[in-house]
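**Student:** Requesting a structural model of the entry that follows:
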Amino acid sequence: MRKVLTAVLLALSASAASAEGLPGITDGPGPNMVIEVADAAGQPKGTIVLDLFADKAPGHVERLVSLAKSGAYDGVVFHRVIDGFMAQTGDVQHGKQGGDTAMAGMGGSDLPDLAAEFNDVSFQAGTVGMARSQDPNSANSQFFIDLAPAPFLDGQYTVVGQLVDGWDVLNAVKKGDSAANGAVDKPDYMAKVTITE
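**Tutor:** Got it, this is the predicted structure:
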């Protein structure tokens with residue numbers, strides 16, 4: 001069983017690696033979320049650009065844009081990163097770099113939770129989804145970016161966008177401990193998040 005699981009994980013990693021540049025993915029009408037990534041020491045690692053799907057998940061995209069424009073995402077860590085699966089960030093309540101991030105992943109923002117906006121977009125390498133608790137209507141500020149195809153998430157989480165630039169930067173985000181559900185020690189963080197329209 002372990003060999004089968006390892007083979008599956010290797011296949012997922014390979015398909016993610018083959019998506020370099022994400023062929024077939026073009027920048028849509030936006031808005032775009034531009035994320036400057038830094039390591040725990042504050043050294044720049046590069047920039048990630050996400051095309052947000054306002055037509056597919058208008059309420060969720062409005063939330064991401066609002067939080068980014070207010071500066072709420074600046075300094076928020078990638079608290080959960082699972083190799084071959086996804087990188088999660090966006091906990092503006094407990095995830096600020098330089099502070100105590102032990103509770104990162106448990107919080108949201110001061111704004112109310114959002115009703116699910118499930119759509120027809122499948123989770124593939126670079127797909128952006130909203131994180132939530134067991135309640136489908138509990139997404140708030142946290143989001144994740146897939147490192148590999150994850151169609152088993154389809155219809156379970158709201159797709160809000162797609163990575164259109166910075167695949168190498170995303171792949172270089174510090175990975176977490178697989179035994180601790182991807183929790184990252186001294187995580188990378190979003191140094192600055194801006195919106196272009």
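
**Student:** Pull the contacting residues for the residue nearest the centre of the chain.
**Tutor:** Centroid check for the chain by CA atoms, centre = their mean gives residue 144 as the closest residue, at 2.3 Å. Applying CB atoms under 8 Å, 6 or more residues apart in numbering, we find residue 144 in contact with 80, 86-89, 128-131. Glycine gets a C-beta too; all of them are placed from N, C-alpha and C.

**Student:** hmm, try it at 10 Å
**Tutor:** Residue 144 makes contacts with 78, 80-82, 85-90, 123, 127-131, 150, 153, 157, as judged by CB atoms under 10 Å, 6 or more residues apart in numbering.

**Student:** Over to residue 43?
**Tutor:** 188, 191.

**Student:** any idea of the pLDDT on it?
**Tutor:** We note a pLDDT of 97 for residue 43 in this prediction.

**Student:** Residue 172 versus that one, what's the distance?
**Tutor:** Distance from residue 43 to residue 172, counting by CB to CB, to the nearest Å: 12 Å.

**Student:** shared neighbours, these two?
**Tutor:** Going by CB under 10 Å, 6+ apart, residues that sit against residue 43 and also against residue 172 are residue 188.

**Student:** So among the contacts of residue 144, which ones count as buried?
**Tutor:** For the contacts of residue 144, a burial check counting by 16 or more other CB atoms under 10 Å picks out 78, 80-82, 85-90, 123, 127-131, 150, 153, 157.
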